[in-house]
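Q: With the sequence up front, the predicted model follows.
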Amino acid sequence: MDHPCHKCGHNTEDGKAFCSECGAPQIRVTIAEPSAEPAPALDRIAAGLPHEMERVSLGIPGTILPSSSFRALRPCALAAAVAVLSMFLRLNPFVAALGAGFLAVAFSRRSNPASVSNTASGARLGALSGLLLFGVSTVLQTLAVALLHKGAEIRSVMMDKIQQAASRYPGPDVQPFLDYVRSPGGFAVMLVASIIVGLVAFVVLGGCGGALAAALWARRNRP
C-alpha cells in the first residue's frame, strides 16, 4: 500500500525508509505532549509523604533523636564548680563528689521540677556531675604540677600515704613493694591506678548523691 510523501507528495510504498523521488525520510516518530495535570498516582504519593515522614520519625529510637542531655549538662557543671571550690577550701574530695551529685539534682529541679522523676534519673545526673568534677580537678592539678612545679611535692605526699598504709600491714612483702613504688616505673603505675580509682569513686559517689537527693524530693512530694 502506498502513501504520499510528506515532503513532495509522491506516492511511496509503505515500508520504504526514504522517498524514491526526493529522498526524504518516511519514518517519523511522534512524541506525545506531556499532560498539564500530574498523574493521580503521583498526587497520592505526594499527599501521603507528610504522614509517612511523621510515622518514620515516631519510629526512630529516642537515643537517635535530639534529647535533653545537653540541658542536664548545665546543672551538673554548676554543681561540679561548687564542689571544686569546696575542695580548694580543704573539703574531702570524696565528700565533695557526694555533694556534687546532690547539688546537681537540686539545681536541675530548680530550673525544671520535672527533670528528675525517680532515683535512677537522679543517679545519672549525679554520676555526670562526679565525672565533670573529676575532669576539672584533674586538669587543675595537672596545671599546678606544670606551672608551679609541684611534682616533687605530690610524689612525696603519695609516698608518705603509701608508707603509712603499708605500716599497718607489716609483712615480708611490704619492703619489696615499697622499693618498687619508689622506682620511676612503679610510681607511674601507682599514679595511673590512683587516677582510675579516683575516677570510679567520683562517679559512684556522685551517683549516690544524686540518687539520695532524688529519693528525698520524691518522699517530700509524696502525698
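A: On my side now, so go ahead.
Q: pLDDT (mean, whole number) over the strand or helix carrying His3?
A: Take DSSP states H and E as the rule and His3 turns out to sit in strand 2-4. Averaging pLDDT along strand 2-4 yields 72.
Q: what's the next helix or strand after it packed up against?
A: Counting by DSSP H and E, the next helix or strand C-terminal to strand 2-4 is strand 11-13. Strand 11-13 sits against strand 2-4, with contacts defined as 3 or more CB pairs under 8 Å, 6 or more residues apart in numbering; DSSP states H and E. Heads up, the C-betas are built off the backbone N, CA and C, glycines and all.
Q: The strand it packs on packs against which elements?
A: Using 3+ CB pairs under 8 Å, 6+ apart: strand 2-4 touches strand 11-13.
Q: Okay, buried residues for the strand it packs on please.
A: Within strand 11-13, the residues scored as buried using 16 or more other CB atoms under 10 Å are Thr12.
Q: Mind listing the strands the strand holding His3 pairs with, and their directions?
A: Using DSSP bridges, the strands paired with strand 2-4 are strand 11-13 (antiparallel).
Q: average model confidence for the strand it pairs with?
A: 74.
Q: And for stretch 159-170?
A: For stretch 159-170, mean pLDDT is 74.
Q: can you check stretch 84-103 too?
A: Regarding stretch 84-103, the rounded mean pLDDT is 91.
Q: List the contacts of it.
A: 75-76, 78-80, 82-83, 122-123, 125-127, 129-130, 132-134, 136-137, 140, 198, 201-202, 205-213 (CB atoms under 8 Å, 6 or more residues apart in numbering).
Q: distance between that stretch and the chain's centre?
A: The chain centroid and the centroid of stretch 84-103 are separated by 25 Å under CA atoms, centre = their mean, to the nearest Å.
Q: cool, and stretch 159-175?
A: A distance of 42 Å separates the centroid of the chain from that of stretch 159-175, by CA atoms, centre = their mean.
Q: For that stretch, list every residue counted as buried.
A: Quick answer for stretch 159-175 (16+ other CB under 10 Å): Ile162, Ala166.
Q: Please enumerate the helices of this protein.
A: For the chain, the helices defined by DSSP state H cover 40-59, 69-88, 93-111, 119-148, 151-167, 174-182, 184-221.
Q: Confidence-wise, which of these is weakest overall?
A: Sorting those by mean pLDDT places helix 40-59 lowest, at a mean of 48.
Q: circling back: what's the PyMOL line that selects buried ones from the contacts of stretch 84-103?
A: Selection of buried members from the contacts of stretch 84-103 for PyMOL, criterion 16+ other CB under 10 Å:
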select buried, resi 75+76+78+79+80+82+83+122+123+125+126+127+129+130+132+133+134+136+137+198+202+205+206+207+208+209+210+211+212+213
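Q: Please identify the deepest-packed of the helices of the chain.
A: Comparing those by mean neighbour count (mean count of other CB atoms under 10 Å), helix 93-111 comes out on top with a mean of 23.
Q: distance between it and the chain's centre?
A: 21 Å.
Q: switch to numbering from 54
A: New numbering, starting at 54: the last item is helix 146-164.
Q: can you state the direction angle for that helix and helix 122-141?
A: With axes from the mean of the first three to the mean of the last three CA atoms, to 10 degrees as the basis, helix 146-164 and helix 122-141 are set at 140 degrees to each other.
Q: on that earlier part again, mind checking which of the helices of the chain is nearest Pro78?
A: helix 93-112 (36.0 Å; CB to CB).
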